[in-house]
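Trainee: The sequence isn't on hand, but the structure is:
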C-alpha cells in the first residue's frame with residue numbers, strides 16, 4: 001500500500017474537543033488505541049484499541065465529529081475535525097482497528113415528529129430515517145411517566161461528573177454533565193409524546209401490528225425500554241436491601257426504597273427517582289414530638305427534581321414501634337472487605353434504626369441528631385412553630401437548626417448574625433406565643449419562625465447562650481402585654497362598629513334583625529375555623545382560653561365607660 005507511510009507511527013489532530021469540553025486538546029491515534037490531552041494541561045483520556053466497537057463521522061457543533069462507540073457501551077465524542085481529516089481518520093481506523101468509519105448525515109428539517117430508536121449505546125431520534133439527535137444512555141439520570149402518553153427524560157447534571165473528564169471503566173469519558181459545562185445553560189429534561197399502542201417483541205422492539213396478548217400503551221413500552229437500556233436503578237439482582245411503602249413527606253407520597261452499591265432508588269406509583277449516595281450531603285435523624293414517629297431527612301446536592309420543582313431535602317416518616325427483619329443481599333466477601341464494621345449481614349430492629357444504619361453504612365455519612373443542650377418545655381427535641389402558613393418542628397442541633405417537614409429549612413449556627421425574639425400580631429394571642437427571626441451574616445437574608453409557645457422561651461434562650469449565639473428579646477413583660485391586649489381589643493370593637501359588625505354596641509337598633517346577626521356571626525366563626533384550624537393547630541387549641549382572657553382584659557379597662565356609651569347611642573337612635 002503506497003500510503004501506509006501516513007500510519008506508520010501516529011496520527012495527530014489539534015484543537016479537538018472531548019465531549020464538548022471547555023478547552024480543546026490534542027487527539028492522537030496509534031495502533032494501540034487513541035488518546036486525548038487538554039491543551040492547557042490536565043488528565044489524559046485513553047481508549048484501548050480492543051475497546052473500540054464502531055465509529056461514526058458527521059457534522060457537529062465545532063466542525064466534524066468522530067463518535068466512537070466502545071464495546072462496553074460507552075460513547076466518546078471528539079469534535080473539531082476538519083473535513084479533509086476524514087481520509088486520515090478512516091484509514092487509521094480501517095488499518096489499525098479493523099473498523100469502517102460510517103459517514104452519517106443528520107436530519108436538518110427541524111421537525112419535532114419522528115421515530116425513537118434504541119441502539120446499544122444511545123437513544124436516537126430519527127426524522128425521515130436520518131438522526132435528528134442522539135442521547136447516550138450514560139447521559140440519562142432518570143425517566144418518568146409524566147402522563148398517559150408522555151415520558152419525561154432527565155439528564156445528568158454537571159455535578160455528577162468527575163473533574164476534567166477522567167475515563168470511566170465503561171470506556172466512556174463520563175465527561176457527562178460537563179458536556180454542557182462549556183456554556184451557561186444546560187438541558188436538564190426532555191419530554192416525548194408517544195400516542196397509540198405498540199407490541200413488545202422478544203428483543204424489545206416496537207411493532208405496529210395488532211396483537212391482543214402483547215399489545216400495550218406505546219408510552220409505557222418506551223418508558224420500560226429506556227429504564228432497561230439506561231440501567232436506571234441498576235439491576236434488580238444487585239439490590240442490597242429493599243424497604244416497601246415508606247411514607248415520604250417531601251416529596252409527598254409512598255415510595256419503595258431499593259438500595260444499591262452506589263445509589264438508591266425511590267419507586268412510587270407515578271415517579272421513580274435514582275439518587276447517588278454521593279449526592280447526600282447531610283443526614284438527619286429527628287424524633288417527632290408525638291413519641292410515635294421519627295423523621296429521616298436527607299440533604300441532597302444536586303436536589304431532587306420533579307418537573308420544575310426542586311427538593312433539596314428528602315423527608316421520610318417512620319413509626320417507632322414498627323419492627324423489621326431483613327437480611328442484606330450481599331456476599332460475605334464484600335461485607336468483610338468493603339463494609340467491615342459498617343454493615344451487618346442481618347438486622348432485626350425497629351425500621352427507623354435499620355434504614356438509618358444501612359443508609360449510613362452505604363453512604364458513609366455521619367448521622368446528625370438533636371443537640372443534648374436543648375430539651376423543650378415538654379421534654380421533646382423539637383419546637384412546634386410555623387413558617388408562614390406551614391406548621392412543623394424546629395430542631396436545635398449542635399451546629400445548626402433544622403425545620404421540617406415543609407419547607408425543609410437548614411440554618412448553620414456559624415452563619416447566624418443575631419436571633420430576635422418578638423411578639424407579632426395583636427391581642428392576647430401574642431402574649432401566649434412569640435416569634436423568632438434568625439438574621440444571617442453578610443446580609444444573606446433571614447428566616448422567621450412564628451407561633452412558638454411562650455413556655456419554650458426559656459429553653460431556647462438557654463440553648464442560644466450555650467452555643468454563644470447573639471440574641472435580643474424585644475418582647476414586653478406580662479403586664480404591658482395585657483394592657484396592649486385590652487387596647488387592641490377596644491380598637492377591634494370600635495372598628496367592627498364602624499363596619500357594622502358589632503351588634504351589641506348598637507343598642508336596640510338591631511333588635512328587628514337579631515336573627516340575621518346570629519347567622520352572620522355563626523358563618524364568620526366557621527370561616528375562621530376552616531381557614532386556620534388545619535394550618536395552625538397550636539393556636540386553635542387555646543382559642544377558648546384566649547377568648548375568656550380577652551373578655552376579662554376588656555372589662556378591666558373601664559366598665560363605667562362602657563355603661564355611659566350605650567345610653568348615648570340609644571338616645572341618638574331615638575332622635
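Mentor: Done, it's in. Keep in mind the model is a prediction, meaning the values are calculated, not measured. Numbers count the residues shown, from 1 in each chain.
Trainee: Poorly predicted segments of the protein, please.
Mentor: Along the chain, the parts satisfying pLDDT under 70 run over 1-8, 73, 157-184, 201-214, 232-237, 424-431, 476-575.
Trainee: the longest strand in the chain is where?
Mentor: What stands out as the longest strand in the chain, according to DSSP state E, is strand 293-306.
Trainee: immediately after that one, which helix or strand?
Mentor: Downstream of strand 293-306, the next assigned helix or strand under DSSP states H and E is strand 309-319.
Trainee: who does that next one pair up with?
Mentor: Its sheet considered, strand 309-319 pairs with strand 241-250 (antiparallel), strand 293-306 (antiparallel) by DSSP bridges.
Trainee: Just say which of those strands is most tucked in.
Mentor: The highest mean neighbour count among these, using mean count of other C-beta atoms under 10 Å, belongs to strand 293-306: a mean of 19. (Each C-beta comes from the backbone N, C-alpha and C, glycine too.)
Trainee: How many residues are close by residue 60?
Mentor: 18 (other C-beta atoms under 10 Å).
Trainee: So it sits against residue 83, correct?
Mentor: No - using C-beta atoms under 8 Å, residue 60 makes no contact with residue 83, being 11.8 Å away.
Trainee: mind putting the strands paired with strand 309-319 in CSV, distance to residue 408 included?
Mentor: As requested, the strands paired with strand 309-319 are exported to CSV (distance: least, C-beta to C-beta, whole Å):
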stretch, distance to residue 408
strand 241-250, 6
strand 293-306, 7
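Trainee: out of those, nearest to residue 40?
Mentor: strand 293-306 (26.8 Å; C-beta to C-beta).
Trainee: Return the set of buried residues in stretch 346-357.
Mentor: By 16 or more other C-beta atoms under 10 Å, the buried positions in stretch 346-357 come out as 347, 350-357.
Trainee: Which members of the residues you listed occur in strands, if any?
Mentor: 347, 350.
Trainee: Can you say which two of the buried residues of stretch 346-357 are spatially most distant?
Mentor: Across the buried residues of stretch 346-357 (C-beta to C-beta), the longest gap, 11.6 Å, separates 347 and 352.
Trainee: re earlier: so the longest strand of the chain versus strand 346-350, what angle?
Mentor: 110 degrees (axes from the mean of the first three to the mean of the last three C-alpha atoms, to 10 degrees).
Trainee: which residues in the stretch 301-450 of the chain form helices?
Mentor: Taking DSSP state H, counting those that start in this stretch as the criterion, the stretch 301-450 of the chain carries its helices at 332-337, 351-363, 429-432.
Trainee: can you put the ones you listed in TSV and add distance to residue 446?
Mentor: Below are the helices of the stretch 301-450 of the chain laid out as TSV (distance: least, C-beta to C-beta, whole Å):
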stretch	distance to residue 446
helix 332-337	48
helix 351-363	32
helix 429-432	20
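Trainee: among the ones you listed, which is nearest residue 250?
Mentor: Using C-beta to C-beta, the nearest of these to residue 250 is helix 351-363, at 16.1 Å.
Trainee: got the angle for that closest one vs strand 309-319?
Mentor: In terms of direction (the same axes, to 10 degrees), helix 351-363 departs from strand 309-319 by 130 degrees.
Trainee: Check which helices and strands helix 351-363 sits against.
Mentor: Identification of packing neighbours for helix 351-363 by 3 or more C-beta pairs under 8 Å, 6 or more residues apart in numbering; DSSP states H and E yields strand 241-250, strand 252-259, strand 280-287, strand 293-306, strand 309-319, strand 323-327, strand 346-350.
Trainee: Of all the helices of the stretch 301-450 of the chain, which one is nearest residue 70?
Mentor: Using C-beta to C-beta, the helices of the stretch 301-450 of the chain put helix 332-337 closest to residue 70, at 26.8 Å.
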